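# What follows is a predicted protein model with its sequence.
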Amino acid sequence: MTVHDVISTDLKTVLRRLKLSRMLDTLPERMALARQQKMPHADFLMIVLADEASRRDSQSVTLRAQRAHLDPAMHLEAWDPTARVTFDQTMLNELVSLRFLDAHAHAAIVGPVGVGKTFLSHALGHIACRRGQSVLVLRADQMLKTLRHARLDHSHEVELRKLIAVDLLIVDDFGLDAMDANESRDAYEIFTERHRAGSMIITSNRGPDEWLATFADPVRAQSAIDRFTSNAYDLIIEGESYRSRQKPPSRRPSPSLKPEAAP
């Protein structure tokens, strides 16, 4: 009789009723180990429950990352350390610690096109998800477009609350285009509401001092940006484009097979 045979139909039914049916994936191996090591019942129970807790934690992290719209390939572990870019490693280490989240501080990741700003912001988002934080990442133009459309169907307040409620809001490519009056007002609301109440990571090709010119209202612009910069870490990235390192490896065409010459 195998270990799989020992798992009775009744046990399977009970596990399913308790929403613990995934325990069946590892239960046979754990039962075999328990018999081999003559494990006490309490130890066996602890190990199978720890398996389930670990699985649920992993599933929760995956779901948080999906809801955040994080790129699954942009983990810090996947960063290419040979990339020809330079930045303050101490500053990145500080951001990775997520102490800025605890303090409701912000981060600006600034640099030219293709140096890895988006990659590092997503990587920080993944770390936040692993630590149980809620995250949302949006391109600046998509965010403002969603809010613009929300004004038409009277869901603007609901959409704005979504951006304010998360623990970490990541806004990618901010400050590329000039904003009209409504977009400037929306940006002002987000900066103001999240000031010392929640954290933001903003990536941009331009420094915060250049964002002023993109707002339609200079007074709102100064107020919003002052709030952000007074409570933000700056990570400046310089160097060559990182994107070429993310391309899939090219495949050489297979050499054509020639028929062997007849003897």
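Great, that's in hand. Residues are numbered from 1 along each chain as shown.

# Just the element for Ala32, please.
Using DSSP states H and E, the element containing Ala32 is helix 27-37.

# Flag every buried residue along that helix.
By 16 or more other CB atoms under 10 Å, the buried positions in helix 27-37 come out as 27, 30-31, 34. Placement of C-beta: from N, CA and C, glycine included.

# gap between the spatially closest residue to Ala216 that is not a sequence neighbour and Pro218?
Distances taken as CB to CB, 6 or more residues apart in numbering put Ser184 closest to Ala216, at 4.2 Å, once the chain neighbours are dropped. Distance of Ser184 to Pro218, given as CB to CB, to the nearest Å: 9 Å.

# between those two, which one's more packed in?
Regarding Ser184 and Pro218, a neighbour count based on other CB atoms under 10 Å identifies Ser184 as having more, with 20 against 11.

# Next up, identify which helix or strand Leu136 is on.
Leu136 belongs to strand 135-139 when elements are defined using DSSP H and E.

# Parallel or antiparallel, list what pairs with that strand.
Strands flanking strand 135-139 in the sheet, each with its direction: strand 168-172 (parallel) (DSSP bridges).

# what comes into contact with the partner strand?
For strand 168-172, contacts defined as CB atoms under 8 Å, 6 or more residues apart in numbering pick out 68, 101, 117-118, 121-122, 124-125, 128, 133-140, 143, 163, 190, 194, 198-203.

# From those residues, list the buried ones, please.
68, 101, 117-118, 121-122, 124-125, 128, 133, 135-140, 143, 163, 190, 194, 198-203.

# list the buried ones in the helix or strand following the helix holding Ala32?
Following helix 27-37 in sequence order, the next helix or strand is helix 41-68 (DSSP H and E). Taking 16+ other CB under 10 Å as the basis for neighbour counts, the residues of helix 41-68 that come out buried are 44, 48, 51-52, 64-65, 68.

# what angle do helix 41-68 and strand 168-172 make?
Calculated by axes from the mean of the first three to the mean of the last three CA atoms, to 10 degrees, helix 41-68 forms an angle of 40 degrees with strand 168-172.

# for the record, mean pLDDT for helix 41-68?
Per-residue pLDDT values over helix 41-68 give a mean of 84.

# so what secondary structure elements neighbour it?
Contact analysis of helix 41-68 by 3 or more CB pairs under 8 Å, 6 or more residues apart in numbering; DSSP states H and E lists helix 27-37, helix 117-130, strand 135-139 as its packing neighbours.

# Among the ones you listed, show the one with the smallest mean pLDDT.
helix 27-37 (a mean of 85).

# which strands and helices sit next to it?
Counting contacts by 3+ CB pairs under 8 Å, 6+ apart, helix 27-37 packs against helix 3-6, helix 41-68.

# List the contacts of the very next helix or strand once past the longest one.
Elements were assigned by DSSP H and E; along the chain past helix 41-68, the next helix or strand is strand 85-86. Contacting residues not belonging to strand 85-86 are listed as 111, 115-116, 237-240, 242 [CB under 8 Å, 6+ apart].

# any idea which helix or strand carries Gly175?
Secondary-structure assignment from DSSP H and E places Gly175 in no helical or strand segment.

# if I pick it, what's in contact with it?
Listed by CB under 8 Å, 6+ apart, the contact set of Gly175 reads 140, 204-206, 210-211, 214.

# Could you identify the most distant pair in those residues?
Ala140 and Glu210 (13.8 Å; CB to CB).

# export the helices and strands packed on helix 41-68 to a markdown table and tack on distance to Thr13?
Output for the helices and strands packed on helix 41-68, formatted as a markdown table (distance: least, CB to CB, whole Å):
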| stretch | distance to Thr13 |
| --- | --- |
| helix 27-37 | 14 |
| helix 117-130 | 34 |
| strand 135-139 | 38 |
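
# how about TSV for the buried residues of helix 27-37, with distance to Arg227 added?
Listed next are the buried residues of helix 27-37 as TSV, based on distance: CB to CB, whole Å:
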residue	distance to Arg227
Leu27	53
Arg30	53
Met31	58
Ala34	58
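
# So, low pLDDT: which residues of this structure?
Counting by pLDDT under 70, the ranges of the chain that qualify are 1-6, 242-263.

# domain ranges for it?
When the chain is parsed into structural domains using automatic domain parsing, the resulting residue ranges are 3-68, 76-243.
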